[in-house]
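**Q** Pasting the sequence and the predicted model now:
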Amino acid sequence: MKLEKKPIKIFVTGGSGFIGSNFIIQQLLKTENQILNLDKLTYASSIKSLRSIENNTRYQFIHGDICDNSLIKEILYDFQPTYIVNFAAESHVDNSIKAPDQFIATNIFGVFNMLKHSKKYFTSLNKREKEKFRFLHISTDEVYGSLQLEEQSFTEKSPYCPSSPYSASKASSDHLVLSWFKTYNFPAIVTNCSNNYGPFQFPEKLIPLIIINCLNEEKIPIYGDGMNIRDWIYVEDHCTAIHEILIKGKIGRQYNVGSNNELKNIDIIKTICKIMDDKVKRKNNLNYFDLIEYVEDRPGHDFRYSIDNAKIKEHTGWNPSISFEDGILHTIDWYLNNKDWFTNN
Ligand code: NAD
């Protein structure tokens, strides 16, 4: 990741969530860029995640909703961003199955609202500003649906086949964003990333859930037979990919982002439990793996995700740099050293 010569203004939405907060911290540490973060502060966010940078003069926060017409308009014309990075979303599949409404509101109508106002703002820019402007929509590999073991990894040409209300809402927003490029020549890009892990991830997601349940000696629930496969990327690698795409990505394109790191859920649990056995010994020589409990499978549960990351490598030179072995150790250490982040979160 190279330091930008001239500071750039980035309007980030959903920056108080897991990936957004890692992105903001990385940008403030490694570039001279200015960030405005708009976040609704839903249950999945934490203001604690950005404590380390909240007084940074290059950072500002606005509490609000991407569905809010006048607020989005006001921010765009006041802040005058060169880049917009849209992380804001409802992101948990299980919640989308129980209560899809908010997923449709934020993930579809919210993105539409962002596009509508960003396009108007873009039209007001001069030629040089227009050339630099980018609208980057952060999406997921889940839009492609599920793979069998023998099937090829997802490429950007794989057909969309979402299984859950979450992935269907993200698929809808991806189509909207790309249509803004085709119809209006609006300089948008979509990224479809695989499963992220790392610091600041809300404990409803698999990896922090395992670590925290180990610490609390609570049951570790695992869906079905635990054989589902996900392709894991350390969150910092995803953030450097976003940085590179903003600078070198081609407008109107999609980029798959992944780390070539497919693992079965059950193997993730085994690995974390083993590391926890070494780091925080249980009483009476018990192992953390004994805490696992098989639970009824999620309806429509995708079996396997796998990302072909050739295109982003070719277009931007980006490469993931953190192995799963290093990333998971760092993540576990982070949760062990930051218990106040997830207690009373
Ligand atoms: P997250 O749930 O941790 O964070 C989402 C953030 O968006 C929260 O801070 C929340 O308060 C905010 N938000 C929600 N609705 C909003 C609204 N209407 N207006 C403004 N802010 C709102 O999610 P995450 O894991 O950080 O994911 C960020 C993005 O990346 C999402 O779009 C998600 O689909 C995508 N993604 C996530 C993963 C992953 O493994 N976590 C993988 C690929 C893609």
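**A** The structure has been received and is ready for your questions.

**Q** where does Leu3 land on pLDDT?
**A** With respect to pLDDT, Leu3 scores 54.

**Q** and what of Pro81?
**A** On pLDDT, Pro81 comes in at 98.

**Q** Need phi/psi at it.
**A** phi -70, psi 150 (degrees, to the nearest 10).

**Q** ok, the residue nearest to it when sequence neighbours are not counted - contacts?
**A** Leaving aside its chain neighbours, Pro81 sits nearest to Phe11 (3.8 Å; criterion: CB to CB, 6 or more residues apart in numbering). The C-beta positions use only the backbone N, C-alpha and C, and glycine is treated the same way. Contacts for Phe11 were tallied using CB atoms under 8 Å, 6 or more residues apart in numbering; they are Leu36, Leu38, Ile75, Leu76, Phe79, Pro81, Tyr83, Ile84, Val85.

**Q** how distant is the helix or strand hosting the fourth one from the center of its chain?
**A** Take DSSP states H and E as the rule and Leu76 turns out to sit in helix 69-79. Averaging C-alpha positions (CA atoms, centre = their mean, to the nearest Å) puts helix 69-79 24 Å from its chain's average.

**Q** Please enumerate the strands of the stretch 1-150 of the chain.
**A** Listed in chain order, the strands of the stretch 1-150 of the chain (DSSP state E, counting those that start in this stretch) span 9-13, 34-39, 59-63, 83-86, 134-140.

**Q** Against the ligand - does the second one have any residue that ends up touching it?
**A** Which is strand 34-39. Yes - Strand 34-39 is in contact with the ligand by CB under 6 Å from any ligand atom, via Leu38, Asp39.

**Q** still on that earlier bit, can I get the strands of the stretch 1-150 of the chain in JSON lines with distance to Ile210?
**A** Converted to JSON lines, these look like this (distance: least, CB to CB, whole Å):
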{"stretch": "strand 9-13", "distance to Ile210": "29"}
{"stretch": "strand 34-39", "distance to Ile210": "26"}
{"stretch": "strand 59-63", "distance to Ile210": "31"}
{"stretch": "strand 83-86", "distance to Ile210": "29"}
{"stretch": "strand 134-140", "distance to Ile210": "21"}
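
**Q** on that earlier part again, between strand 9-13 and the helix holding Leu76, find me the angle.
**A** Between helix 69-79 and strand 9-13, the angle comes out at 160 degrees (axes from the mean of the first three to the mean of the last three CA atoms, to 10 degrees).

**Q** and the angle from helix 69-79 to strand 59-63?
**A** Going by the same axes, to 10 degrees, helix 69-79 makes 170 degrees with strand 59-63.

**Q** Now do helix 69-79: which elements does it pack against?
**A** strand 9-13, strand 34-39, helix 111-123 (3 or more CB pairs under 8 Å, 6 or more residues apart in numbering; DSSP states H and E).

**Q** For the residue in the chain that the ligand sits nearest to, which non-adjacent residue is closest in space?
**A** Residue of the chain nearest the ligand, by CB to the nearest ligand atom: Gly17 (1.9 Å). What sits nearest to Gly17 in space, not counting adjacent residues and going by CB to CB, 6+ apart, is Ser45, at 5.1 Å.

**Q** repeat for Asn69
**A** Distance criterion CB to CB, 6+ apart; nearest residue to Asn69, sequence neighbours excluded, is Asn113 at 6.3 Å.

**Q** Tell me how many other residues crowd Lys250.
**A** Lys250 is flanked by 12 other residues according to other CB atoms under 10 Å.

**Q** Please report how far it lies from Ile189.
**A** Distance of Lys250 to Ile189, computed by CB to CB, to the nearest Å: 7 Å.

**Q** got the contact list for the residue in the chain sticking out farthest from the centre?
**A** Each residue of the chain has a distance to the centre, and by CA atoms, centre = their mean the biggest one is for Asn284: 39.1 Å. Residues near Asn284 by CB under 8 Å, 6+ apart: none.

**Q** Within range of the ligand, give me the residues from the stretch 201-345 of the chain.
**A** By the rule CB under 6 Å from any ligand atom, the part of the stretch 201-345 of the chain lying against the ligand is Phe202.

**Q** Let's have the contacts of Phe11 in a markdown table, adding neighbour count and distance to Asn216.
**A** Listed next are the contacts of Phe11 as a markdown table, based on neighbours: other CB atoms under 10 Å; distance: CB to CB, whole Å:
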| residue | neighbour count | distance to Asn216 |
| --- | --- | --- |
| Leu36 | 23 | 37 |
| Leu38 | 25 | 34 |
| Ile75 | 22 | 40 |
| Leu76 | 20 | 44 |
| Phe79 | 18 | 42 |
| Pro81 | 21 | 42 |
| Tyr83 | 21 | 40 |
| Ile84 | 28 | 39 |
| Val85 | 30 | 34 |
